[in-house]
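A.B. asks: below are the sequence and a predicted model for it; my questions follow.
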Amino acid sequence: MNVEAPGRILLVDHSRGALLFQETILRRRDMQIMTALAGSEGLLKARNESPHLIIFGYDLFDMSAPEFCREIRDHDLTKCISLLLVCDRQHQEHCDLSLSAGCNDVIFRPLQKRELDQKVERLTSIPVRRQLRTITKIEISLEKNGRFVLARSINISANGMLLEVDRVLPADGGLRLHFYLPGDAKPLQITADVLRAEFSGPMPKYGVRFTGVEESDRDRIERFVHRLRSRELI
């Protein structure tokens, strides 16, 4: 299979109507379109067909979008495929969880043809081997219930992080994060809530959502995330 073949897009959604609508829009681009009605079917097609881009919803029948993203990123045959989540604007937490799990970008319903075209153009014009995930390793001092613990980010979005911690955190209470963005000399101090915990692998991982963020600090994080997403292949 030639993984460099351009214009191969896989659509994954539990709704046949959503797949048909997206396929109708994308057919205008003279691209090869594949579809799947469940996450497991999408994973199989991704491994067998090597698309440049996967466009998917949050509910994938037999798994959620974050689970789908992690499966894509954890497999050697699919880890570099670009991922675009189709999401409802009122469910910002769905975006945060998916971005933290390795999704490249998000587009909100109702889909606008021009915006979809722009995102598809950007994500399919990048070589498959290039990874656009907002992955970054940031050393963090994490305060919980008055105690400090060292942590490290796995990836980051403008609204949250996936953290790796060397111990299991208490379930009660929020977090206060202290860290520096690479290339930014001013420290950040942000409160956050834990959205999920993962206990596979050598250390616990926690997906957190930022809560107490000043507008100026959010702008700094957004600029940093934008730089990560738009940088060239190293």
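C.D. replies: Okay, I see it.

A.B. asks: is it true that residue 188 touches residue 219?
C.D. replies: No. Residue 188 lies out of contact with residue 219 (C-beta atoms under 8 Å); the separation is 11.6 Å. C-beta coordinates here come from the backbone N, C-alpha and C atoms, glycine included.

A.B. asks: how close does the residue in the chain sticking out farthest from the centre sit to residue 173?
C.D. replies: Relative to the average C-alpha location in the chain, and by C-alpha atoms, centre = their mean, no residue lies farther out than residue 146, which sits at 30.8 Å. For residue 146, the distance to residue 173 (C-beta to C-beta, to the nearest Å) stands at 9 Å.

A.B. asks: do the same with residue 74
C.D. replies: Taking C-beta to C-beta as the measure, residue 74 and residue 173 are separated by 31 Å.

A.B. asks: of those two, who's got more company?
C.D. replies: Looking at residue 74 and residue 173 with other C-beta atoms under 10 Å, you find the greater number of neighbours at residue 173, namely 13 against 10.

A.B. asks: could you look up the SS state of the more buried one?
C.D. replies: The local conformation at residue 173, judged by DSSP: H, G, I helix; E, B strand; the rest coil, is coil.

A.B. asks: which ones are touching it?
C.D. replies: For residue 173, the contacting residues are 144, 145, taking C-beta atoms under 8 Å, 6 or more residues apart in numbering as the criterion.

A.B. asks: what helices or strands is the lengthiest helix in the chain leaning on?
C.D. replies: Looking only at the chain and at elements set by DSSP state H, the helix with the highest residue count is helix 215-230. In this structure, helix 215-230 packs against strand 147-157, strand 188-198, with contacts taken as 3 or more C-beta pairs under 8 Å, 6 or more residues apart in numbering; DSSP states H and E.

A.B. asks: tell me which residues in the last one are buried?
C.D. replies: This means strand 188-198. Judged by neighbour count using 16 or more other C-beta atoms under 10 Å, the buried positions of strand 188-198 are 188, 190, 192, 194, 195.

A.B. asks: domain parsing of the protein, as residue ranges.
C.D. replies: Per automatic domain parsing, the structural domains of the chain span 8-124, 139-230.

A.B. asks: need the winner for burial among those domains.
C.D. replies: Comparing these by mean neighbour count (mean count of other C-beta atoms under 10 Å), domain 8-124 comes out on top with a mean of 18.
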